[in-house]
Structure formats: C-alpha cells, structure tokens
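Enquirer: Provide a 3D model corresponding to the input given below.
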Amino acid sequence: MKIIEITERNSKLIQLLLDIWENSVKATHLFLSDDEINNIKQYVPQALKDVPSLVIAVDEKGSPSGFMGIANQMLEMLFISNKNRGQGIGKQLLQYGIKNYSVNELAVNEQNPLAKGFYEHMGFEVYKRTELDEQGNPYPLLYMKRT
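Expert: Alright, predicted model coming up:
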C-alpha cells in the first residue's frame, strides 16, 4: 500500500473516491437510511474537490482503497473501502496526516462507535458533543482532539 497526496482531482478519481465513500458509509453508518445516504452523496464530490488536502491510499495496482481530507489540522474525512477495512489502512492514513499535516482534531458521528473507538485508539479524546451534525440533521457529533 502506498500513500499519495492528490493535486489533480479529475472526474475519474472523484468517482472512484465517491464509490469508496458510499461503500464505506453503507457498512459503517448504519443509522442512515438509503435515502439519507443518497442525499448526502450529492455533496461528496464537491467536498472532495474543495478540501484543501486530499490524500489517498492505493494498492499495488494503483487502485484507491481509502482516502482522507484535511483542512487546517482538522481531519475532515477518512473513509476506507469496506473490503479493505481492518487492514491498517486507516491507521496509516491518519498517522500520515498527523505527521505531515499536524492533524490534531476531528469530528465523528456518535452513532459510529467503531470509528470513535479507532480514533480513541489513535490518541484522540472527545472534548465536545453536539446534538446535530453540520447540516442540522439529528446525528450527534463528537469532536475529538489529540491528547
């Protein structure tokens, strides 16, 4: 597995990452309905284009298996293809983000306990909770900082 910083975000790459996002969300965000996932999915391509730093993990064939987006030392997104979960890719990406981008903060859905546990394992602690997500939906967010 190799980690690559992305500068050119063409439509083919955005589609590959959107597929990873959807595959990952369907496996981990069990609190979302298919309609809610499809609604959120509309905004993901623009988020992928707009996030200041986009970093992907690629396999030996050069195919993306996960990605993260970073803005101002905050992890904005981290998604691993469901078939690649549990292989250490998320850990490698996050460690890369901490080392190269000084990532020290993130927000995670409270209803995604596996992600919360992963971030705790990686040295993050909850410092704030909101009842609603950034779009005003009833999905509590946990804000976490590196300790």
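Enquirer: so Ile14 sits in a strand?
Expert: No. Counting by DSSP: H, G, I helix; E, B strand; the rest coil, Ile14 is not found in a strand; it is helix.
Enquirer: how about the most centrally placed residue in the chain, nearest residue that isn't a chain neighbour?
Expert: In the chain, the centroid-proximal residue (Cα atoms, centre = their mean) is Leu78; its distance is 1.7 Å. Once flanking residues are discounted, Leu78 sits nearest to Met68: 4.3 Å by Cβ to Cβ, 6 or more residues apart in numbering. For glycine as for every other residue, the C-beta is placed from the backbone atoms N, C-alpha and C.
Enquirer: now swap in Leu75 and tell me
Expert: Leu75 sits nearest to Leu106 (Cβ to Cβ, 6+ apart), 3.9 Å away.
Enquirer: any idea how far the one you found lies from Phe118?
Expert: 11 Å (Cβ to Cβ, to the nearest Å).
Enquirer: who does the helix or strand that contains Met68 touch, helix- and strand-wise?
Expert: For Met68, the host element (DSSP states H and E) is strand 64-71. Identification of packing neighbours for strand 64-71 by 3 or more Cβ pairs under 8 Å, 6 or more residues apart in numbering; DSSP states H and E yields helix 11-28, strand 53-58, strand 74-80, helix 89-101.
Enquirer: export these as a markdown table, with columns for mean pLDDT and distance to Gln135.
Expert: Output for the helices and strands packed on strand 64-71, formatted as a markdown table (pLDDT from 0 to 100; distance: least, Cβ to Cβ, whole Å):
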| stretch | mean pLDDT | distance to Gln135 |
| --- | --- | --- |
| helix 11-28 | 94 | 14 |
| strand 53-58 | 97 | 21 |
| strand 74-80 | 96 | 14 |
| helix 89-101 | 97 | 24 |
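Enquirer: tell me the SS of the residue nearest to Leu75?
Expert: strand.
Enquirer: I'm done for today, thanks for sticking with me.
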